[in-house]
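Novice: Quick one: sequence and predicted model below, then my questions.
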Amino acid sequence: MAENYLIGMDLGTTNVKAILMDDQGNVLARASRENHLIFPGLNMVEQDPEEWWTNTCQIFREITSNVDDEVLKKIRGISISSQTVTMLPVDKEGKPLRNAMIWMDGRSAKEMHYISMMLGHDHFVDIIGGQPDVAFLPNKILWFKRFEPELFSRTCKVLQASSYINLKLTGKMTADKDQAVRTQCMDINKLCWSKEIGDVMDVDLDRILPEISEVTDIIGTVTEEASAVTGLPSGIPVAAGASDALTSVYATGLTRLGEGCESSGTTSLVFVGSKEASANNVPVVTKPYSVKGVPYIFDALINTSGAALKWYIGAMGEHDVQEAKKQGKDVYTYINEAAMNVPAGSNGTMFFPYLLGERAPLWNSHARGMFIGMSMSTRHEDFLRAVFEGTAFALRHVVETIKASGGTIDCLRITGGGSKSRTWSRIKASMLKVPVMILDDRSGDVPFGDALIAGQATGVFTDMTQTIKSMIGIKEVIEPTPEWSEIYDRLYPYYTQIYQDLDKDLLRLRNTWMEIEKTQK
């Protein structure tokens, strides 16, 4: 029996999941529960924080019931990550005042533009170290203040999703430094909440946002009250934690310059190591990373990757669903095989995966998904392969943007649900012209990265670089297909230029459609 055990949990957009592992990286227990989205109105996407907590309690009870008391006594720490950015206001007792506005929520675009205009776009970028986007926190807080003033007046703190679970476990209202940087409420030059942004909003950010803790700070311990509902022993140290983005970097094992990582799920999180910090005004910026030899990482999020495939199956894939049933196959197995029957380039059909707008590297909410290049000879299989390729074009767009800012990449380590698709991985390898390394089954999952952070925070792991190298393995290497790479090189300029040509028209279309929707209500 090991001497040290650790719990890692990730509160994602679609699921809450957690693992209990020992100090050799062996997973003893795991559990997950589904989160649900709430759509109260146009461009509004919320989640119920009480569902988060109910799921968390069920998961912890399931995990603790599957191990004996000796293991429970040796749990040294817990670290929790989450989707980001979230706007969850709580009162002074820590009770939520409304549902959480999650990163997908786009209702506060006008507030974002107001803040950017008042500060000046370039100065705003210099403060926050990135491009403004409707996903982030300043505009969400300002919307809340403007449209729900009574609830705003009762707000003690605005929390991130993982911070709320930490509050329920420890009784402490905190913010981890990683997510604080990502909120765009922080002055990255001074490493504190920005007074300038707060003044424009007429909001005291130091009052309404929690004190900032380092990712590996111990913020408290599991209380007796939390122990009673979770099954966890009281007194277990709880780390401040991080975003699912940073935790994914730990889980994918980025330990040297030249490596790229993709956590491929509903969205794609893309990371590339960097020796130096980037400028603040580039489309993809660096953030600090605490692994020796990789002082910074470029950090980018693609809004719809796996979500685009799921959308295709639901909206256009009835034929694929029926064929999969006839052949006794899972639909994802079938579409991976079917896409391989279409030549690279999808017979001239190109897909733009901007179904939720796009974050990196476009940073706008008005981008929209598109198929271009259809003809009377276009088949449904062409659309299918185009979705695989369109998401890979989006990945290349991010990587090329990072290269232009000084990053280098000679391989792509990939994990998450998307890594199960050899078709997709082969397309990505050919698109980027680098080998794709599929991580083993225990590596790459975000809770694994959370457990690594818990071990670092509690001193179980003293050399994180060596720990990552020893625990995270590669299951398969997929090399580029040269003839595919040649085709993608010829098509990629059209991918970027077509969108650039349509950008202003898509913005006008979005605004016109919003006006039409108002008249239809």
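Specialist: Received it, and whenever you're ready, just let me know what you need.
Novice: Give me the neighbour count for the closest residue to Ala300 other than its chain neighbours.
Specialist: Distances taken as C-beta to C-beta, 6 or more residues apart in numbering put Ala360 closest to Ala300, at 3.5 Å, once the chain neighbours are dropped. Where C-beta positions appear, they are placed from N, C-alpha and C, glycine not excepted. Neighbours of Ala360 under the rule other C-beta atoms under 10 Å: 25.
Novice: name the element Ala360 belongs to?
Specialist: If you go by DSSP states H and E, Ala360 is not part of any helix or strand.
Novice: List the residues that contact it.
Specialist: Counting by C-beta atoms under 8 Å, 6 or more residues apart in numbering, Ala360 touches Val270, Pro283, Val284, Ala300, Leu301, Ile302, Val398, Thr401.
Novice: and with 6 Å instead?
Specialist: Neighbouring residues of Ala360 by C-beta atoms under 6 Å, 6 or more residues apart in numbering: Val284, Ala300, Leu301, Val398.
Novice: now Ser243
Specialist: By C-beta under 6 Å, 6+ apart, the neighbours of Ser243 are Thr84, Asp178, Gln179, Arg182.
Novice: Checking the residue nearest to the last one when sequence neighbours are not counted next. Helix, strand or coil?
Specialist: Distances taken as C-beta to C-beta, 6+ apart place Thr84 nearest to Arg182, at 5.4 Å, with adjacent residues excluded. Three states are possible here, and by DSSP: H, G, I helix; E, B strand; the rest coil the one that applies to Thr84 is coil.
Novice: returning to what we had before: show me the contacts of Ala360 that map onto strands.
Specialist: The strands in this structure, assigned by DSSP state E, contain Ala300, Leu301 from these.
Novice: could I get the contacts of Ala360 as CSV with pLDDT?
Specialist: Below are the contacts of Ala360 laid out as CSV (pLDDT from 0 to 100):
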residue, pLDDT
Val284, 91
Ala300, 91
Leu301, 88
Val398, 97
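Novice: on that earlier part again, how close does the residue nearest to Arg182 sit to Met104?
Specialist: 12 Å (C-beta to C-beta, to the nearest Å).
Novice: Looking at the two, which is more packed in?
Specialist: Taking neighbours as other C-beta under 10 Å, Thr84 and Met104 compare with Thr84 leading, 26 against 20.
Novice: Spatially, which two of the contacts of Ser243 are the most separated?
Specialist: Farthest pair in the contacts of Ser243 (C-beta to C-beta) is Thr84 and Asp178. Separation: 8.4 Å.
Novice: count of residues packed around the closest residue to Asp187 other than its chain neighbours?
Specialist: Counting by C-beta to C-beta, 6+ apart, Ser194 is the residue found nearest to Asp187 once chain neighbours are left out, at 4.1 Å. A count of nearby residues for Ser194, using other C-beta under 10 Å, gives 24.
Novice: if we can go back for a sec, any idea which of the contacts of Ala360 is closest to Ser162?
Specialist: Leu301 (16.6 Å).
Novice: Across the sheet, point out what pairs with the closest one.
Specialist: Leu269 (DSSP bridges).
Novice: so it sits right up against Arg359, yeah?
Specialist: Yes: if you go by C-beta atoms under 6 Å, Leu301 and Arg359 touch, sitting 4.7 Å apart.
Novice: For Lys172, which three-state class applies?
Specialist: coil.
Novice: Report the separation between it and Ser163.
Specialist: Counting by C-beta to C-beta, the separation of Lys172 from Ser163 is 9 Å.
Novice: and what of Glu196?
Specialist: 24 Å.
Novice: These two - which one has more neighbours?
Specialist: Neighbour comparison, Glu196 and Ser163: the larger count goes to Ser163, with 28 against 14 (by other C-beta under 10 Å).
Novice: What distance do you get for that one to Gly390?
Specialist: 35 Å.
Novice: Equivalent analysis for Ile80, please.
Specialist: Taking C-beta to C-beta, one finds Ile80 at 33 Å from Gly390.
Novice: what about the two, which has more around it?
Specialist: A side-by-side neighbour count of Ile80 and Gly390, using other C-beta under 10 Å, places Ile80 first with 30 against 25.
Novice: Okay, strands next: where are they in the stretch 401-521 of the chain?
Specialist: 409-415, 436-439, 474-478 (DSSP state E, counting those that start in this stretch).
Novice: Could you dump the ones you listed into TSV and include distance to Met9 and mean neighbour count?
Specialist: Output for the strands of the stretch 401-521 of the chain, formatted as TSV (distance: least, C-beta to C-beta, whole Å; neighbours: other C-beta atoms under 10 Å):
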stretch	distance to Met9	mean neighbour count
strand 409-415	17	23
strand 436-439	20	24
strand 474-478	24	14
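Novice: Tell me which of the ones you listed lies nearest to Ala339.
Specialist: Closest approach to Ala339 among those (C-beta to C-beta): strand 474-478, 14.9 Å.
Novice: who's in contact with the closest one?
Specialist: Taking C-beta under 6 Å, 6+ apart as the rule, strand 474-478 contacts Ser425, Arg426, Ala429, Pro435, Val436, Met437, Ile438, Asp440.
Novice: Please work out the angle formed by the directions of that strand and strand 409-415.
Specialist: Interaxial angle of strand 474-478 relative to strand 409-415 (axes from the mean of the first three to the mean of the last three C-alpha atoms, to 10 degrees): 130 degrees.
Novice: Identify each buried residue in stretch 33-48, please.
Specialist: Neighbour-count burial for stretch 33-48 flags Arg33, Asn35, Asn43, Val45, Glu46, Gln47, Asp48 (criterion: 16 or more other C-beta atoms under 10 Å).
Novice: Mind putting those residues into CSV with distance to Thr333?
Specialist: Shown next, in CSV, are the buried residues of stretch 33-48 (distance: C-beta to C-beta, whole Å):
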residue, distance to Thr333
Arg33, 26
Asn35, 26
Asn43, 35
Val45, 30
Glu46, 34
Gln47, 31
Asp48, 34
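Novice: Give the rounded mean pLDDT of stretch 486-504.
Specialist: For stretch 486-504, mean pLDDT is 97.
Novice: Just checking the distance from that stretch to the centre of its chain.
Specialist: How far stretch 486-504 lies from its chain's middle: 25 Å, per C-alpha atoms, centre = their mean, to the nearest Å.
Novice: How is this structure partitioned into domains?
Specialist: Structural domains annotated on the chain: 5-245, 246-303+407-478, 306-399+492-520, as defined by automatic domain parsing.
Novice: With respect to burial, which of these scores highest?
Specialist: Burial of those is given as mean neighbour count (mean count of other C-beta atoms under 10 Å); domain 246-303+407-478 ranks first at a mean of 22.
Novice: Between the two ends of that domain, how far is it?
Specialist: 25 Å (C-alpha to C-alpha, to the nearest Å).
Novice: Could you do stretch 165-176 as well?
Specialist: 13 Å.
Novice: now swap in stretch 124-132 and tell me
Specialist: 8 Å.
Novice: just stretch 117-136 next, same as before
Specialist: Start-to-end, stretch 117-136 (C-alpha to C-alpha) is 16 Å.
Novice: Please list the residues outside stretch 208-222 that contact it.
Specialist: For stretch 208-222, the surrounding residues in contact (C-beta under 6 Å, 6+ apart) are 157-158, 169-170, 172-178, 180, 193, 232, 234-240, 242, 456-457.
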